[in-house]
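Got a predicted structure plus its sequence, pasted below:
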Amino acid sequence: MKQQELEKSKEYKYGFSTDIESIKAPKGLNEEVIKFISNIKKEPKWMLDWRLKAFERLKNIKEPDWQKPKYPKIDYQDLYYYSAPKSATNKPKSLDEVDPKLIETYKKLGIPLKEQKRLSGIAVDAVFDSVSVATTFKDELTKKGIIFCPISEAIRNHPDLVKKYLGSVIPITDHYFATLNSAVFTDGSFVYIPEGVRCPMELSTYFGINASETGQFERTLIIADKGSYVSYLEGCTAPMRDENQLHAANVELVALDDAEIKYSTVQNWYPGDKDGKGGIYNFVTKRGACRGKNSKISWTQVETGSAITWKYPSCILQGDNSVGEFYSIAITNNHQKADTGTKMIHLGKNTKSKIISKGISAGFADNTYRGLVKIHSKASNARNYTQCDSLLMGNKCGAHTIPYIENKNSSANIEHEATTSKISEEQLFYCNQRGLNQEEAVSLIVNGFCKEVLQQLPMEFAVEAQKLVGISLEGSVG
Amino acid sequence: MLDISNLSASIEGKKILKSFDLKIKPGEVHAIMGPNGSGKSTLANVLSGRKGYEIEGKAFYEGKNLLKIPIEERAQKGIFLAFQYPTEIPGVNTNNFLKTSLNTVRKFRGLKELDSLDFLKLVKEKSKKLKIEEKILSRQLNVGFSGGEKKKNEILQMSILEPKLAILDETDSGLDIDALKIVSEGVNSLRDKERSFLIITHYQRLLNYIKPDFVHVLVNGKIVKTGCSDLAEELEKDGYEGVATGK
């Protein structure tokens, strides 16, 4: 048995679990649990009321079921909604006070929390299970007036900003998982960039899922005030386990006049074993509002993990001349499934959107691009360009492209291109003949296929992502 | 270096090479000439390890059973194939590809891997020598290359990878006179006592610039005649049929 476990953990590089004692709320979804979470977070009453309102709403709505990948019914009463590493209840003031076991975990995950990140200029707000345990670079950011902290802290210290913007992009009534998140979210990041400030470093959060059977309900809110700029990186790895784990985060972005937000994700959660057992359900709601004129929001995602990825990072282009972008790589191998894409909602005049999606399927995997481009009747001179490319490896996988276009303005200019291809024998042979083995060849060809998206990532992330692309497809060509 | 005996290769049940024999010693340049469909490209494919052929017979490379060595290892051990139709790999930078390839080969040979700076220096030097614009190396691998550019790129890769046995599969076809000269000079500059060449071609033209030690005439999967470089001129005059039937 031991040997078997050992073997299993080899399959997934990040498959391990540290045994830090956890504080848990009792299993189940009810008012008491929501009060427990709100209480442990020392939240003001308005926040608890907000959560309870969401919970009321939740009782009357059902999970959506239109997605392509189906999954066994989730018993929401059988999940834990709060779990915190015990040592974090007395929050450490500095990294030295952080539980060494946590630091060890981060090291295994390849997250150098100390010097390395300082050198590369990244501030890290690390979320271990549900509580943020360490925040660095605060001083440097504070000087510029930038707020970068756990959202639980922002609720206490910056209630006006939170009240104004939380739920303003993803309303608590939005859909089942977003509403669920609103009721039970535990922690996440809060970012506010003041007017005219260009954030001097990439802001970064690493998420990890650790305690067994804990759903993760992160909540992130990023506000870029007039004329500001911020680039935010999110990267994920998770310990391996057998039960399916639900992850239903909400991420809201708000860009005011002339502001720009760049949000990059590399997602590498446990995808399940070769037979499709276990793995994370990644049902995340990500939405950005280009609220001001000339504002811009750009989503870049590299999705290689999870058993099921079901998400549509979207842009609401309210401000005139605002720009929305979506760059995506979704890799599915073995029995992984993905139904992902974006929504570009054009409301303002002269709004522009660009969608570049690269889907790669191998093994028995199924990969769907689903995207909506909606041009409102008042959005004159709106433009959209969509390009969806699918790459198939082997003949047991699937790729699907489902574009929806709703146009109510005749001045709109909408372009859509789609291709489906296979890695050719010719290409593999050529690489092999130059000394590369099969896996190196596949990694090279797939990285080439994904290039337009990879080059959108910040440098240090891009290198990591390129490696990940190769690792994710290991063993997919026989 | 290379010792092929009684080699047969079939694809989808059709026999293309038939009891083929060939010996190549270090430093020798062999030309294989033959009409369309005579099995020239099959020979190049079989030697470099391309899948899809049923093979009988023997082929030894440096004393080892070549047919059992995986494709990439053949390359690492010094077999280089200049492709007749180099394939396009979109999104892959030619320089990066070549650097990855070179370092894989160097690692196998127990040499230090080159960093980007040293690599670019090497590329500059080689491309200058071959009179090939290094600009093509910053483009995506073979994507949008003209026929001539593709072939020049193959020769440049050859000169950087420094193989022991270079197989040129109709590298001359589709080249204008200037490109043909560049390609031939590339080959000639690499000729030395150790390095062997197997040059596959339709036309005698290329052999005006590269003087082979041996010329073999391949017809119907078999070598029907072997001679020195004069044989190529004879072929040009009398045609394959004339030579094959002994006139």
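Ah, there it is.

what residue ranges in the chain score low on pLDDT?
In the absence of a named chain, this looks at chain A. Residues of chain A meeting the criterion pLDDT under 70: A:1-22, A:84-138, A:205-215, A:236-244, A:475, A:477-478.

if you could check chain B rather than the one you did, that'd help
Judged against pLDDT under 70, the low-scoring parts of chain B cover residues B:244-247.

ok, B:Val29 - how many residues close by?
22 (other CB atoms under 10 Å in any protein chain shown). Heads up, the C-betas are built off the backbone N, CA and C, glycines and all.

Angles on the backbone of it, please.
When read as degrees, to the nearest 10, the backbone of B:Val29 gives phi -120, psi 120.

so it sits right up against B:Lys193, yeah?
No: counting by CB atoms under 8 Å, no contact exists between B:Val29 and B:Lys193, whose distance comes to 11.8 Å.

Could you pull out the helices in chain B for me?
Assigned by DSSP state H, chain B shows helices spanning B:40-48, B:71-76, B:94-108, B:116-129, B:147-161, B:177-190, B:230-244.

residues of the last one that come out buried?
What that stands for is helix B:230-244. The neighbour-count criterion (16 or more other CB atoms under 10 Å in any protein chain shown) identifies B:231-232, B:234-235, B:240, B:243-244 as the buried residues of helix B:230-244.

for those residues, which one is nearest chain A?
Closest to chain A out of the buried residues of helix B:230-244 is B:Ala232 (27.2 Å), distances taken as CB to the nearest CB.

which residues sit in contact with the closest one?
The neighbourhood of B:Ala232, defined by CB atoms under 8 Å, 6 or more residues apart in numbering or on different chains, consists of B:31, B:33, B:204, B:207, B:212, B:215.

do you know how far the residue of the stretch 301-450 of chain A found nearest chain B is from B:Thr100?
Of the residues in the stretch 301-450 of chain A, the one nearest chain B is A:Gly448, at a distance of 3.0 Å by CB to the nearest CB. When CB to CB, to the nearest Å is the yardstick, A:Gly448 and B:Thr100 sit 12 Å from each other.

do the same with B:Thr42
Here the criterion is CB to CB. By it, B:Thr42 lies 28 Å from B:Thr100.

count of residues packed around the residue in chain B that chain A sits nearest to?
When scored by CB to the nearest CB, chain B has B:Gly91 as its residue closest to chain A, at 3.0 Å. For B:Gly91, the neighbour count with other CB under 10 Å is 19.

what's near enough to touch the residue lying closest to it once chain neighbours are set aside?
Take B:Gly91 and drop its neighbours on the chain: the residue closest to it by CB to CB, 6 or more residues apart in numbering or on different chains is A:Gly448, 3.0 Å away. Contact partners of A:Gly448, counting by CB under 8 Å, 6+ apart, are B:89-92, B:140-141.

Make sure A:Gly448 is indeed in a helix.
Yes: if the criterion is DSSP: H, G, I helix; E, B strand; the rest coil, then A:Gly448 is within a helix.

for chain A, what are the nearby residues on chain B?
B:48-51, B:70-72, B:74-76, B:80-81, B:83, B:86-87, B:89-92, B:97-98, B:100-101, B:104-105, B:108, B:140-141, B:157, B:161 (CB under 8 Å from any CB of the partner chain).

Buried ones among those?
B:48-50, B:71-72, B:74-76, B:80-81, B:83, B:86-87, B:89-92, B:97-98, B:100-101, B:104-105, B:140-141, B:157, B:161.

what about residue 59, how many residues close to it?
Picked chain A for this. The number of residues packed around A:Lys59, counting by other CB under 10 Å, is 9.

That was the other one, I meant chain B.
Taking other CB under 10 Å as the neighbour definition, B:Ala59 ends up with a count of 21.

which residues does it contact?
When contacts are counted by CB under 8 Å, 6+ apart, B:Ala59 is found next to B:2-5, B:7, B:46-47, B:65-67.

Could you export these as CSV, including neighbour count?
Conversion of those to CSV gives the following (neighbours: other CB atoms under 10 Å in any protein chain shown):
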residue, neighbour count
B:Leu2, 22
B:Asp3, 16
B:Ile4, 21
B:Ser5, 13
B:Leu7, 21
B:Val46, 24
B:Leu47, 23
B:Asn65, 10
B:Leu66, 21
B:Leu67, 19
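
Just give me the closest of those residues to A:Val184.
Minimum distance to A:Val184 across those is 63.1 Å, recorded for B:Leu67 (CB to CB).

Look up which residues are beta-bridged to the residue lying closest to the closest one once chain neighbours are set aside.
Nearest-residue entry for B:Leu67: B:Ala59, 5.5 Å, with adjacent residues in sequence omitted and distances by CB to CB, 6+ apart. Per DSSP bridges, residues listed as beta-bridge partners of B:Ala59: B:Ile4.

For A:Val162, see how far away B:Ala59 is.
73 Å.

what about A:Lys274, which helix or strand?
Following DSSP states H and E, there is no helix or strand that holds A:Lys274.

mind checking the SS state of the residue nearest to it when sequence neighbours are not counted?
Distance criterion CB to CB, 6+ apart; nearest residue to A:Lys274, sequence neighbours excluded, is A:Asn334 at 5.3 Å. Assigned state for A:Asn334: coil (three-state reduction, three-state DSSP).

ok, the residue of the stretch 151-300 of chain A found nearest chain B - contacts?
Relative to chain B, the nearest point of the stretch 151-300 of chain A is A:Thr300 (16.2 Å; CB to the nearest CB). Each residue near A:Thr300 by CB under 8 Å, 6+ apart is listed here: A:262-265, A:327-328, A:453, A:456-457.

how far away is it from A:Thr419?
From A:Thr300 across to A:Thr419, the span is 20 Å (CB to CB).

A:Ile445 now?
A:Ile445 sits 15 Å away from A:Thr419, going by CB to CB.

ok, now A:Val302?
Relative to A:Thr419, and taking CB to CB, A:Val302 is found at 20 Å.

quick one: which of those two has more around it?
Taking A:Val302 and A:Thr419 together and counting by other CB under 10 Å, A:Val302 has the greater number of neighbours (30 against 10).

Wait, that one touches A:Ile329, no?
Yes: in this structure A:Val302 lies within contact range of A:Ile329 using CB under 8 Å: 4.7 Å.

So for those two, which residues contact both of them?
Here A:Val302 and A:Ile329 have A:453-454, A:465, A:469 as joint contacts, going by CB under 8 Å, 6+ apart.

Next, format the residues you listed as TSV and append neighbour count and distance to chain B.
Listed next are those as TSV, based on neighbours: other CB atoms under 10 Å in any protein chain shown; distance: CB to the nearest CB, whole Å:
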residue	neighbour count	distance to chain B
A:Val453	22	10
A:Leu454	22	9
A:Ala465	23	14
A:Val469	23	12
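
State the pair within those that is farthest apart.
For those, the maximum inter-member distance is 10.1 Å, found between A:Val453 and A:Val469 (CB to CB).
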